[in-house]
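A.B. asks: pasting the structure only:
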């Protein structure tokens, strides 16, 4: 069963390029974590919607191990300036109940 974590981040106008570039330049440490499956950075199409950073894990335990790791600390050591984001958003965690994929 998969475990998903969505981090909703409201990025202020003028900081979108810097926010996106940070993910393009990321160190890639998360890719090496046991239990990591995938990551997506979703750009909002509505002007009031947040960015969503979605990660997929084999389990909640794998995600928690990443959060407690030195790699996590390094990945989050240089945050955007405070004025780049605004209140709202936050972390959401989900277990998959049912799903389907395209066939053929």
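C.D. replies: Here it is on my side, so go on. Predicted model only: the values in this text are computed from it and were never measured.
A.B. asks: could you pull out the strands for this structure?
C.D. replies: Residue ranges of the strands in the chain, as given by DSSP state E, are 3-9, 36-42, 51-57, 90-95.
A.B. asks: poorly predicted segments of the protein, please.
C.D. replies: The chain contains residues with pLDDT under 70 at 27.
A.B. asks: can you do 80?
C.D. replies: 1, 26-27, 46-47 (pLDDT under 80).
A.B. asks: which one, of the strands of the chain, ends up nearest to residue 20?
C.D. replies: Each of these was checked against residue 20 via CB to CB, and the shortest separation belongs to strand 36-42, namely 7.0 Å. To be clear about C-beta, it is placed using only N, CA and C from the backbone, and glycine gets the same treatment.
A.B. asks: geometric centre of the protein: which residue is closest?
C.D. replies: Residue closest to the mean C-alpha point of the chain, counted by CA atoms, centre = their mean, is residue 53 at 2.9 Å.
A.B. asks: which residues are in contact with that one?
C.D. replies: Counting by CB atoms under 8 Å, 6 or more residues apart in numbering, residue 53 touches 6-7, 9, 23, 39-42.
A.B. asks: same question for residue 10.
C.D. replies: When the contact criterion is CB under 8 Å, 6+ apart, the partners of residue 10 are 50-51, 85-89.
A.B. asks: thanks a lot, catch you later.
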